[in-house]
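1. structure of the sequence below:
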Amino acid sequence: MYQFFVEPSRIYAGRAVISGGDFNHIKNVLRMKPGDELSVFNGVDGKEYRCGIESFTQDEVICRLRFIKEDGLELPAQVTLFQGLPKGDKMELIVQKTVELGVARIVPVATRRSVVKLDEKKARAKTVRWQGIAEAAAKQSRRGIVPRVEDVCSLKEALEQAADMDVKLMPYELSEGMERTRQLVESVRPGQEIAVFIGPEGGFEEAEVAQAKDVGFEPITLGRRILRTETAGLTVMSWLMYRLEGAGI
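-> This next block holds a predicted model:
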């Protein structure tokens, strides 16, 4: 079943209207015809709007709504990944894979050990690209929403955003005790807001860890081996996915 995202305003009066690049993809690449079925999501409420193609205009696909599927494709908790800016194109992999694993929001963070330094123009261009990757990953993994990739922010701004979240996890290479990590992951419950803070190459400075502790972050260990920044977030997301979807809570 092919899946497409539209703005919420494009689903109305029993119809969904698809335009832009998806119009060309449906008509000229997939060569779909009136009567063919597809799934439409508005990227906000997580519902699947199952539709049949009714007609094509010059630049729009008009689809008639057949039914709405409301059962959850999303994790039952909202997970925000605060990712220290990594080098090269690693952020693209991080965005793609954490979206597949169920992250709700991604916040790139300029930390003290971030090698990458982006001016405002470059940062904005990067964010646009990362958002496109998030949308493609959401389609591929049949997500009900498109996770938002926020603009690059400072450590202070990131900690302010996370301050009121219910669970705050910070993998840190000097943290010890897998038992405490296990307890924290097992304490996660549906309906919570969860913050995961991942450092860049080189990790966090001690002062940054202290700042994070001040707003309630819990340093955790990811095991005996040192993981790359692009692996650390995927590991925590996998644990959270298992906990929230596989533990019968």
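2. could you list the domains of this structure?
-> 3-69, 78-246 (automatic domain parsing).
3. quick one: distance of the last one to the chain centre.
-> Looking back up the chat, that one is domain 78-246. 10 Å (C-alpha atoms, centre = their mean, to the nearest Å).
4. could the domains of the chain be laid out in JSON lines, adding mean neighbour count and mean pLDDT?
-> The way it works is simple: take the backbone N, C-alpha and C, and place the C-beta from them, glycine included. Below are the domains of the chain laid out as JSON lines (neighbours: other C-beta atoms under 10 Å; pLDDT from 0 to 100):
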{"stretch": "domain 3-69", "mean neighbour count": "15", "mean pLDDT": "92"}
{"stretch": "domain 78-246", "mean neighbour count": "18", "mean pLDDT": "91"}
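5. what's the spacing between the residue lying closest to residue 113 once chain neighbours are set aside and residue 86?
-> Excluding its sequence neighbours, the residue lying closest to residue 113 (C-beta to C-beta, 6 or more residues apart in numbering) is residue 202, at 3.9 Å. Distance, residue 202 to residue 86, by C-beta to C-beta, to the nearest Å: 10 Å.
6. ok, what's across the strand from residue 154?
-> With DSSP bridges as the criterion, residue 154 is bridged to residue 110.
7. from residue 107, how far out is it?
-> 11 Å.
8. now residue 53
-> For residue 53, the distance to residue 107 equals 38 Å [C-beta to C-beta].
9. swap in residue 222?
-> Distance of residue 222 to residue 107, computed by C-beta to C-beta: 20 Å.
10. residue 111 reaches residue 198, doesn't it?
-> No - contact criterion C-beta atoms under 8 Å: residue 111 and residue 198 do not qualify, at 9.8 Å.
11. shared neighbours of these two, anything?
-> residue 84 (C-beta atoms under 8 Å, 6 or more residues apart in numbering).
12. can you give me the strands in the protein?
-> Assigned by DSSP state E, the chain shows strands spanning 3-5, 11-12, 15-18, 37-41, 48-56, 61-69, 78-84, 105-110, 148-149, 153-154, 167-171, 193-198, 218-220.
13. among these, which comes closest to residue 227?
-> strand 167-171 (7.7 Å; C-beta to C-beta).
14. all helices for this protein, in order.
-> Here the chain has its helices, by DSSP state H, at 21-24, 90-101, 120-140, 155-162, 178-186, 206-214, 229-246.
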